[in-house]
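>>> Here is the input, now give the coordinates:
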Amino acid sequence: AAGCQLVASCDLAVAAEEAKFATPGVNIGLFCSTPMVALSRNVTRKHAMEMLLTGEMIPAARAAEMGLVNAAVPASELDAAVSRFADIIASKSALTVSIGKQAFYEQLEKPLAEAYDYASEVMVKNMLARDAEEGIGAFIEKREPKWEDR
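Sure, this is the predicted structure:
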């Protein structure tokens, strides 16, 4: 269950096809209450309850279908799949990624109208950043951006 909780707590996750995930506490009379928190925020309620109430192992392919992991790949391709995500994200503006991650998690906790208000404020602040100016300019000029943190 702790492994499932760890994966559910990650921003992105890639699993080897052989991996399996479970919240098996119910099998021994102990409901997986703490893994439930991360799990219920990453998959639908029905999928979370399926895992929490049955305690059964979920194969990586099913975990990908449920949204617990982004992808299930052959073990031999796992490092390459993870590196692909890392390389793509590392090529972006660190400031923009930081702003986006913080805003993503902050808005999740708000009612819908407040989330839109908050996201609008974040967008305005982000538009005033040097990296936004550089990124938009690079797009218009059809060139690669030169991020300030590089």
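>>> And the most centrally placed residue in the chain, what's its pLDDT?
With distances taken as Cα atoms, centre = their mean, residue 11 lies nearest the centre of the chain, 2.8 Å away. Model confidence at residue 11, given as pLDDT, is 95.
>>> same deal with the one 3 residues further on?
With respect to pLDDT, residue 14 has a value of 97.
>>> Likewise for the one 3 residues further on?
Note for residue 17: predicted pLDDT of 97.
>>> cool, residue 45 as well?
pLDDT, residue 45: 96.
>>> Look up how far residue 141 lies from it.
In this view, residue 45 and residue 141 are 46 Å apart by Cβ to Cβ, to the nearest Å. The C-beta positions use only the backbone N, C-alpha and C, and glycine is treated the same way.
>>> Same question for residue 86.
In this view, residue 86 and residue 141 are 27 Å apart by Cβ to Cβ.
>>> Am I right that the residue nearest to the centre of the chain is in contact with residue 101?
Yes - using Cβ atoms under 8 Å, residue 11 is in contact with residue 101, at 6.9 Å.
>>> next SSE after the stretch of helix or strand residue 119 belongs to?
For residue 119, the enclosing helix or strand under DSSP states H and E is helix 112-127. Next helix or strand after helix 112-127 toward the C-terminus (DSSP H and E): helix 130-141.
>>> and the angle for that following helix with helix 112-127?
Here the directions of helix 130-141 and helix 112-127 differ by 80 degrees (axes from the mean of the first three to the mean of the last three Cα atoms, to 10 degrees).
>>> Mind listing residues that contact the helix holding residue 119?
Here helix 112-127 makes contact (Cβ atoms under 8 Å, 6 or more residues apart in numbering) with 96, 99, 103, 106, 107, 108, 110, 132.
>>> again with stretch 141-150
The contact list for stretch 141-150, computed with Cβ under 8 Å, 6+ apart, reads 92, 93, 94, 95, 130, 131, 134, 135, 137, 138, 139.
>>> Nearest residue to the first one in space, please, no chain neighbours.
Spatial nearest neighbour of residue 92, excluding adjacent residues (Cβ to Cβ, 6 or more residues apart in numbering): residue 147 at 7.7 Å.
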